[in-house]
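Undergrad: let me see the structure of the following:
(one chain, ligands or ions: 1)
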Amino acid sequence: MEAINFVIVGYGGMGSYHANGIMPTEGERINLVGIYDVSEKRQTVAVEAGLKSYDSLAAVLADQTIEAILIATPNDYHKAIAIQALEAGKQVVCEKPVAMNTAELDEILAVAKSTGNVFMVHQNRRWDPDFLVIRDIYQKQKIGDVFQIESRVQGANGIPGDWRHLKAHGGGMLLDWGVHLLDQLLWLVNSPIKKVSVDFSYILGDEVDDGFISYFTFENGIRAIVEVGTTNYTKLPRWYVKGTTGTAKIDDWDLSGEVVIATGRTDVLSPKPIQAGVGLTKTMAPPSEDATEKLAIKPVEANFVPFYQNFYEVVRKGATPIIKNDEVRAVLALIDQLFQEAGIH
Ligand code: NAD
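TA: Residues are numbered from 1 along each chain as shown. Coordinates of the predicted model:
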């Protein structure tokens, strides 16, 4: 089947990562023809990389040889570009966050529905190796029934770039990393949320959040903490997940960490009291050696195809999208709810 001819709209950091890092791995399926970027500097970079540089979005949309576009502009432009592209008959991949809020997304989805064109959002961290390990542990009940999930990303570099500092462009960390962590959480737990609360951080003095800590209780009883920080000079584990028979701690994207489970042996000695600080404790003493064992943390293959392969199959063969628009909407609706909880509109 024929490759899909693509144009990238917004050839900045992520646009060029699609061009150089993701699309080339899809060889025969995706044919990147060119870009459109408002910045002359980025246009020059594209031409030097052998890509066609279009001088307007209208020129991209008028080009009948182009079947699909990727939107990788700042967040506030996603809606207008997506709607124009869908109306022009293009298939659309859009970077996350799909839009500034659910009202905007609903406008896009209505046009996708009326035109019948594909609209798919690049919520790519469903493919992250650390997430796949946690998903495997969760689904196979390797630590028993999971009852607590803590998912964090923390750095010390503040809010990056320029537009991410500004509310008008959809800046801030909830609309940035928050999308990924919430998408992973909702996809993993797949139960309605009963209760939420959130604390936003404004340590750096920006008009948008430089991080947040959010708390969720799902109807199935699972509790979760999702945290993004940009003011953390040393960090907590990427994942800390508790189950009824074990605990998983994945420290980083490199899969360092440990998964410890109870052996269930009944003949083991009970832990001995230990000196702790200036006191004595049995409660906090390590379990006796035979009471627990460590599971090896090995990379887990995704049992779903890569993003652009899926996009290709959706467009060419009517396959089911891995990232469904109602899931994308649920993440954005949750983000809206967190902003509302904090009185931010
Ligand atoms: P960036 O600032 O590096 O790049 C944005 C580019 O868009 C710039 O080159 C800018 O000149 C161009 N641009 C601005 N307005 C435009 C317009 N109206 N039409 C065409 N081009 C325009 O930003 P980025 O970090 O690449 O982020 C872009 C998008 O990608 C954001 O939505 C961001 O959230 C998303 N993103 C996703 C991931 C991911 O892992 N999925 C990672 C990073 C960024």
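Undergrad: quick one: the helices in the stretch 1-150 of the chain?
TA: Along the stretch 1-150 of the chain, counting by DSSP state H, counting those that start in this stretch, helices occupy 13-17, 40-48, 57-62, 78-87, 102-115, 129-139.
Undergrad: among those helices, which is the most enclosed?
TA: Among these, the stretch with the highest mean neighbour count (mean count of other Cβ atoms under 10 Å) is helix 78-87, at a mean of 22. C-beta coordinates here come from the backbone N, C-alpha and C atoms, glycine included.
Undergrad: residue 342: neighbour count?
TA: Residue 342: 16 surrounding residues under other Cβ atoms under 10 Å.
Undergrad: ok, it - contacts?
TA: Residues near residue 342 by Cβ atoms under 8 Å, 6 or more residues apart in numbering: 198, 199, 200.
Undergrad: what residues does the stretch 101-250 of the chain have near the ligand?
TA: 122, 124, 161, 163, 176 (Cβ under 6 Å from any ligand atom).
Undergrad: isn't residue 203 up against residue 212?
TA: No - when contacts are counted by Cβ atoms under 8 Å, residue 203 is not listed as touching residue 212 (11.4 Å).
Undergrad: which one of the two is surrounded by more residues?
TA: Between residue 203 and residue 212, counted using other Cβ under 10 Å, the more crowded position is residue 212 (22 against 12).
Undergrad: from the contacts of residue 342, list the buried ones, please.
TA: Listed as buried from the contacts of residue 342 are 198, 200; burial here means 16 or more other Cβ atoms under 10 Å.
Undergrad: out of the contacts of residue 342, list just those in strands.
TA: Using DSSP state E, the subset of those located in strands is 198, 199, 200.
Undergrad: make CSV from those and add distance to residue 112 and pLDDT to it.
TA: Shown next, in CSV, are the ones in strands among the contacts of residue 342 (distance: Cβ to Cβ, whole Å; pLDDT from 0 to 100):
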residue, distance to residue 112, pLDDT
198, 30, 98
199, 35, 98
200, 31, 98
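Undergrad: which of these sits closest to the ligand?
TA: Using Cβ to the nearest ligand atom, residue 200 comes nearest to the ligand of the ones in strands among the contacts of residue 342, at 18.1 Å.
Undergrad: which residue packs closest to that closest one, ignoring adjacent ones?
TA: Excluding the flanking residues, the one nearest residue 200 by Cβ to Cβ, 6 or more residues apart in numbering is residue 209, at 4.2 Å.
Undergrad: and residue 312, how many neighbours?
TA: Quick note: residue 312 (other Cβ under 10 Å) scores 22 neighbours.
Undergrad: surely it meets residue 30?
TA: Yes - Residue 312 is within contact range of residue 30, at 7.0 Å (criterion: Cβ under 8 Å).
Undergrad: which neighbours do these two share?
TA: residue 4.
Undergrad: all strands of the stretch 151-300 of the chain, in order?
TA: 193-201, 211-218, 223-229, 239-243, 246-250, 257-262, 274-276, 279-281, 292-295 (DSSP state E, counting those that start in this stretch).
Undergrad: out of these, the one nearest residue 84 is which?
TA: strand 223-229 (31.6 Å; Cβ to Cβ).
Undergrad: now the most centrally placed residue in the chain. Nearest residue, chain neighbours left out?
TA: For the chain, the residue nearest the mean C-alpha position is residue 180 (1.9 Å; Cα atoms, centre = their mean). Of all residues not flanking residue 180 in the chain, residue 125 sits nearest, at 4.1 Å (Cβ to Cβ, 6+ apart).
Undergrad: show me the contacts for the one you found.
TA: Taking Cβ under 8 Å, 6+ apart, one finds 131, 180, 181, 183, 184 in contact with residue 125.
Undergrad: surely residue 47 is in contact with residue 53?
TA: Yes - using Cβ under 8 Å, residue 47 is in contact with residue 53, at 5.2 Å.
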